[in-house]
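Q: Fold the following.
(chains A and B)
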Amino acid sequence: SAVISQKPSRDICQRGTSLTIQCQVDSQVTMMFWYRQQPGQSLTLIATANQGSEATYESGFVIDKFPISRPNLTFSTLTVSNLSPEDSSIYLCSVVQGTYEQYFGPGTRLTVT
Amino acid sequence: GENVEQHPSTLSVQEGDSAVIKCTYSDSASNYFPWYKQELGKRPQLIIDIRSNVGEKKDQRIAVTLNKTAKHFSLHITETQPEDSAVYFCAASLIGSQGNLIFGKGTKLSVKP
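A: Here you go, the predicted structure:
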C-alpha cells in the first residue's frame, strides 16, 4: 500500500488560532479523505478532498471551519480554523488504493488550550 | 443515510479463545464492509474486508461473515493472542460512491494471557 505521511504529528494550539495539517502520499491517488477521531471515539468523515475542485463536506462540517486544498494527486492540506477546545482531536487523512481499500495516515493529534 | 451499529463495545477473552464482534448496517445499498484494527496511539489498519457478493472471507486466524438479508456482518478471531488486543472498527460503504466509509463505534478487545 501507499506510504502516507502527515505533518505535524502533534501540536498544541491556542484558542482562536488555526492549524494546517499536511498529508503526503508517495504515489498518485484519486480519492483522498479527511477524518476526525475525537478522544476515545470512532472516526467521522469531514470531507473528500477533490483534486482541482472544492472539497465535498459531510453534514456538520463547513468550509469556513475546515478549508481543504488538494493541488495535486499526492498532496492535501486540512486547516482547522478559529480553534476551540472542542476541536481537540486526532485528524487523519486516508487514501483509496486498489479498487476500494482505504488506508490511513498516521494522524495529527491536536490539543487546543 | 447509512448507520452502523457495533457490539459489544468491550470484549475480554482468554488467550487462545475466540472473539466475535458484530455489526449491523441500515442501508441495503451498501456493498463493501472493511474491518480496521487500531492499537493505542496508532493509525487504523485495514485487516480484512468483504464485498456483498461474498458470504465469508478468511485470512489465517481472522474471518468475516456477511448476511445481506439481515444486514449484519461479523468479525471472527480464532486462537486469540495478546497482540490481538486493540480497538476494532467495522465500516460500511457503497462502492462507486465517493468511498465514504461509515464507521461503527468500535470494540475494545482485551486478550488476557
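
Q: The residue positioned nearest the centre of chain A pairs with what?
A: By CA atoms, centre = their mean, chain A has its centre lying nearest to residue A:34, at 3.5 Å. Beta-bridge pairing for residue A:34 (DSSP bridges): residue A:47, residue A:93.

Q: ok, how many other residues are close to residue A:5?
A: Here the number of neighbours of residue A:5 (other CB atoms under 10 Å in any protein chain shown) works out to 13. All C-beta atoms are positioned from the backbone trio N, CA, C, and that covers glycine.

Q: Equivalent analysis for the one 5 residues further on, please.
A: The number of residues packed around residue A:10, counting by other CB under 10 Å, is 10.

Q: so it makes contact with residue A:110?
A: Yes - using CB atoms under 8 Å, residue A:10 is in contact with residue A:110, at 7.4 Å.

Q: so the residue nearest to the centre of chain A touches residue A:68, yeah?
A: Yes - using CB under 8 Å, residue A:34 is in contact with residue A:68, at 6.5 Å.

Q: ok, which residues in chain A are in contact with chain B?
A: Proximity of chain A to chain B (CB under 8 Å from any CB of the partner chain) is limited to residues A:31, A:33, A:41-45, A:48, A:56, A:58, A:92, A:96, A:99-107.

Q: Quick one: residues contacting the residue nearest to the centre of chain A.
A: Each residue near residue A:34 by CB atoms under 8 Å, 6 or more residues apart in numbering or on different chains is listed here: A:23, A:45-47, A:49, A:66, A:68, A:76, A:78, A:91-94.

Q: Which pLDDT does the model give it?
A: We have a pLDDT of 97 for residue A:34.

Q: low-confidence ranges in chain B?
A: Low-confidence segments of chain B (pLDDT under 70): B:96-99.

Q: hmm, try it at 80
A: Applying pLDDT under 80 to chain B flags the ranges B:95-99.

Q: and it, which of its residues are near chain A?
A: B:32, B:34, B:36, B:42-46, B:49, B:89, B:93, B:95, B:98-106.

Q: Surely residue A:69 and residue A:53 touch.
A: No - contact criterion CB under 8 Å: residue A:69 and residue A:53 do not qualify, at 10.9 Å.

Q: more crowded one of the two?
A: Each of residue A:69 and residue A:53 has its neighbours counted (other CB under 10 Å); residue A:69 has more, 15 against 8.

Q: quick one: that one is in a strand?
A: Yes - applying DSSP: H, G, I helix; E, B strand; the rest coil, one finds residue A:69 inside a strand.

Q: in chain B, which spans are helices?
A: Taking DSSP state H as the criterion, chain B contains no helices.

Q: Run through the strands of chain A in chain order.
A: For chain A, strands defined by DSSP state E occupy the ranges A:4-7, A:10-13, A:19-25, A:32-37, A:43-49, A:56-57, A:68-72, A:75-80, A:89-97, A:101-104, A:108-112.

Q: Which residue is the nearest non-sequential neighbour of the residue of chain A positioned farthest from its centre?
A: Relative to the centre of chain A, the most outlying C-alpha is that of residue A:99, 21.4 Å out, by CA atoms, centre = their mean. Counting by CB to CB, 6 or more residues apart in numbering or on different chains, residue B:95 is the residue found nearest to residue A:99 once chain neighbours are left out, at 7.2 Å.
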